[in-house]
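>>> Attaching a predicted model along with its sequence, questions to come.
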Amino acid sequence: MRVAWIDCSAGASGDMLLGAFISAGADLNAVNVAVAAVDPSLSVTVTQTARHQIAATKATVEVNGEPHPENIPDAGHGHGHGHGHGHGHAEGAEHGPTRAWAEVRRLLEEARLDDAVRARALDTFGRLARAEAAAHGVEPDTVHFHEVGALDAIADIVGVAAASVSLDLDRIVVSTIVLGSGTQVRGQHGGIPIPGPAVLHLVSEAEAPVTGGPAPYEMTTPTGAALLAALADDFGPLPPMRIEQTGVGAGGRDPVEVPNILRVVIGASADELATELVYETNVDDLDPRIWPQVLARLMEAGAADAWLTPILMKKGRPAHTLSVLVGGANAETVRAVILAETSAIGLREFGIRKHAADREFATVDVEGQSIHVKIARYGGQVINVQPEYDDVAAAANALKKPVKTILAKAVAAGHDLWS
């Protein structure tokens with residue numbers, strides 16, 4: 001499973017996400033094919049830059065081959081990213097060219113896009129439309145995106161959708177989102193508190209963890225928030241993984257408070273490194289006479305091992321933790337046995353890596369009695385010889401000798417085989 005972690009410790013915007021994904025190996029040609037499929041005037045170029053001496057990739061939206069005004073730092077509205085709101089509004093609320101949400105939706109639905117790219121772009125724009133509608137107290141279908149913001153958002157949203165799909169990611173985890181702070185920023189609607197109402201709606205709808213952050217300006221734009229909400233399968237810190245690629249995307253400005261970058265870390269989930277699973281459940285209401293049969297059934301179902309640990313649960317109840325070690329091929333069968341044979345109604349599951357010595361089986365002769373032994377090797381050396389206890393007990397009974405005597409002779413005979 002390929003998992004990506006998006007680090008938003010300096011906020012997020014569309015161009016930062018796009019730059020980070022491309023830096024991490026996303027196909028720039030696929031991005032431009034997708035963007036042009038929606039609006040032929042749009043394209044994306046990338047350049048290498050740095051923020052606080054950290055190397056980063058800057059993605060720039062171009063219209064008919066010229067840098068888009070919203071990607072020019074001095075054309076921003078005082079935002080930390082040099083990246084405009086692209087705010088929507090109710091129809092007729094302001095003057096100037098606009099693109100309605102319905103029109104943008106039609107463009108996306110009719111464009112020659114990969115289905116996964118189209119779905120992610122529609123999801124993102126839909127979130128933006130709902131957020132803007134909530135911010136202005138109107139219905140989502142009445143939201144209009146300003147022409148400048150609409151072009152920029154189309155390139156960013158469709159570009160990020162295409163970039164993320166090209167990376168063939170199975171799961172995306174997003175960090176706590178830093179939103180910024182401050183009293184207001186000059187936008188197309190006048191004074192806007194930071195975080196803006198659209199951003200707050202977006203992160204609230206996604207149930208995303210957020211914080212204000214160290215800088216007194218907008219650190220996460222509405223487009224950035226909408227993309228993060230659409231991309232995220234989960235929120236949290238860097239998940240366990242074997243890192244394969246990293247990408248760093250730069251915002252349009254270089255403020256003193258924090259490096260204006262967004263990072264993407266991609267790798268193989270630690271779950272793929274696990275060779276075994278462990279199931280656990282706490283049980284306080286099972287007749288203890290049943291436990292031996294439960295353990296036997298689990299071993300018959302393919303468990304590598306199964307054991308009980310005495311515990312004390314809430315209200316002082318004596319109980320047991322049932323733990324079962326199992327390979328993936330038998331996992332479903334073992335789960336079924338646990339739920340059918342015990343009173344448990346739920347399980348915990350986690351993956352582990354198992355390091356095992358090579359083992360083989362042989363038969364030794366002890367005073368005319370055959371006893372099976374298990375020989376363990378590590379690094380080519382015999383490290384352990386373990387007789388089968390039932391065979392030892394049967395031999396001791398037949399020979400009328402103590403079990404400990406026959407056990408010692410079987411161990412010695414096993415070592416003699418390999419000396």
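In hand now; what should we look at?
>>> Check which helices and strands the biggest helix by length in the chain is in contact with.
With secondary structure taken from DSSP state H, the chain has its longest helix at helix 115-136. Based on contacts counted as 3 or more Cβ pairs under 8 Å, 6 or more residues apart in numbering; DSSP states H and E, the elements that helix 115-136 packs against are strand 88-90, helix 101-110, strand 143-146, helix 147-166, helix 197-205, helix 222-231. In short, each C-beta sits where N, CA and C put it, glycine included.
>>> so who does Asp168 touch?
Under the criterion of Cβ atoms under 8 Å, 6 or more residues apart in numbering, the neighbours of Asp168 are Arg2.
>>> quick one on the thing from earlier: deepest-packed of the helices and strands packed on helix 115-136, please.
Highest mean neighbour count among those (mean count of other Cβ atoms under 10 Å): helix 222-231, with a mean of 28.
>>> you'd agree Val324 is in a strand?
Yes - assessed by DSSP: H, G, I helix; E, B strand; the rest coil, Val324 belongs to a strand.
>>> For it, list each beta-bridge partner.
Note on Val324: beta-bridge partners by DSSP bridges are Tyr279, Ala306.
>>> Touching, it and Thr333? I think so.
No - assessed by Cβ atoms under 8 Å, Val324 is found out of contact with Thr333, at 11.1 Å.
>>> higher neighbour count, those two?
For Val324 versus Thr333, neighbours defined as other Cβ atoms under 10 Å are more numerous around Val324 (27 against 14).
>>> Indicate which one of the helices and strands packed on helix 115-136 is closest to Asp254.
helix 222-231 (17.5 Å; Cβ to Cβ).
>>> Tell me the helix or strand right after that closest one.
Using DSSP states H and E, the next helix or strand after helix 222-231 towards the C-terminus is strand 234-235.
>>> quick one: contacts of that following strand?
Strand 234-235 is contacted from outside by Arg171, Ile172, Val173, Val174, Ser175, Thr176, Glu207, Ala208, Pro209, using Cβ under 8 Å, 6+ apart.
>>> Next one: Pro240 from Gly351, what distance?
Going from Pro240 to Gly351 by Cβ to Cβ, to the nearest Å gives 9 Å.
>>> higher neighbour count, these two?
When Pro240 and Gly351 are compared on other Cβ under 10 Å, the one with more neighbours turns out to be Gly351, at 16 against 13.
>>> what packs against the helix or strand hosting that one?
Counting by DSSP H and E, the element that carries Gly351 is strand 348-352. Taking 3+ Cβ pairs under 8 Å, 6+ apart as contact, the helices and strands that strand 348-352 lies on are helix 270-273, strand 276-283.
>>> hmm, try it at 10 Å
helix 270-273, strand 276-283, strand 318-326 (3 or more Cβ pairs under 10 Å, 6 or more residues apart in numbering; DSSP states H and E).
>>> Please produce CSV containing these, extended by mean pLDDT and distance to Val35.
Below are the helices and strands packed on strand 348-352 laid out as CSV (pLDDT from 0 to 100; distance: least, Cβ to Cβ, whole Å):
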stretch, mean pLDDT, distance to Val35
helix 270-273, 63, 33
strand 276-283, 94, 43
strand 318-326, 96, 47
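>>> can I get the ones you listed in CSV with distance to Thr45?
Listed next are these as CSV, based on distance: least, Cβ to Cβ, whole Å:
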stretch, distance to Thr45
helix 270-273, 35
strand 276-283, 47
strand 318-326, 51
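>>> So which of those is nearest Val199?
When the helices and strands packed on strand 348-352 are ranked by distance to Val199, counting by Cβ to Cβ, first place goes to helix 270-273 at 32.4 Å.
>>> returning to what we had before: can you list the buried residues in whatever helix or strand comes next after the strand holding Gly351?
Remark: after strand 348-352, the chain's next helix or strand is strand 358-366, criterion DSSP H and E. In terms of neighbour count (16 or more other Cβ atoms under 10 Å), strand 358-366 has its buried residues at Val364, Val366.
>>> Give me the sheet partners of strand 358-366 and which way each runs.
Per DSSP bridges, strand 358-366 is paired in its sheet with strand 369-378 (antiparallel).
>>> Give me the buried positions along the partner strand.
Within strand 369-378, the residues that qualify as buried by neighbour count (16+ other Cβ under 10 Å) are Gln369, Ile371, His372, Val373, Ile375.
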